[in-house]
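Model the following, please.
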Amino acid sequence: MATYQPKKSYKVDAVQWFPGVSVAGVEEIDPCSPDDLAYGSYVENAEVETLNGTVTISEGDWVVTDFDGKISVCKPKAFEAIYELVLWDDA
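Below you'll find the predicted structure:
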């Protein structure tokens, strides 16, 4: 098996999703009835459309949009291993 890495780095936009946080393209799934809300239930999952179809995401997952506008989902540990914060100078 050979190991590969990208030839060039490229910028992606990423937002970590938590219930109640508005993220473009993410639709929260309300798993409970209005009666359940009285007992403190809240939204635990959401859905986002990717090239692979509709993906269910959980609290803390990262929604990543690449340079072509394609959306992918990344679990927190994988995100930390793959990406690092870079401050880009657009000037």
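
which residues of this protein score low on pLDDT?
2-3, 5, 30-43, 88-91 (pLDDT under 70).

got a list of what the residue sitting nearest the centre point of it touches?
The centre of the chain sits closest to Val63, judged by CA atoms, centre = their mean, with a distance of 1.8 Å. By CB atoms under 8 Å, 6 or more residues apart in numbering, the contact set of Val63 is Ala14, Val15, Gln16, Trp17, Val23, Gly25, Val26, Val48, Ile57, Ile71, Ser72, Val73. Just so you know, the C-beta spots here come from the backbone N, C-alpha and C atoms, and that holds for glycine as well.

The same query, at a cut-off of 6 Å, please.
Val15, Trp17, Val23, Val48 (CB atoms under 6 Å, 6 or more residues apart in numbering).

Would you mind confirming that Gln16 is in contact with Trp62?
Yes - Gln16 is within contact range of Trp62, at 5.3 Å (criterion: CB atoms under 6 Å).

Those two - which one has more neighbours?
Trp62 (21 against 14; other CB atoms under 10 Å).

give me the beta-bridge partners of that one?
Gln16, Cys74 (DSSP bridges).

mind checking how far the top helix by length along the chain is from the chain centre?
Scanning the chain for the helix with the most residues, using DSSP state H, yields helix 76-82. Computed by CA atoms, centre = their mean, to the nearest Å, the chain-centroid distance of helix 76-82 equals 12 Å.

how many neighbours does the residue nearest to Gly25 when sequence neighbours are not counted have?
With sequence-adjacent residues excluded and distances taken as CB to CB, 6 or more residues apart in numbering, Gly25 is closest to Val48, at 5.3 Å. Neighbours of Val48 under the rule other CB under 10 Å: 19.

isn't there a helix covering Thr54?
No - going by DSSP: H, G, I helix; E, B strand; the rest coil, the assignment for Thr54 is strand, not a helix.

what about the nearest residue to it once chain neighbours are set aside, neighbour count?
In space, and not counting its chain neighbours, Thr54 is closest to Glu47: 5.2 Å by CB to CB, 6+ apart. For Glu47, the tally of surrounding residues (other CB under 10 Å) stands at 16.
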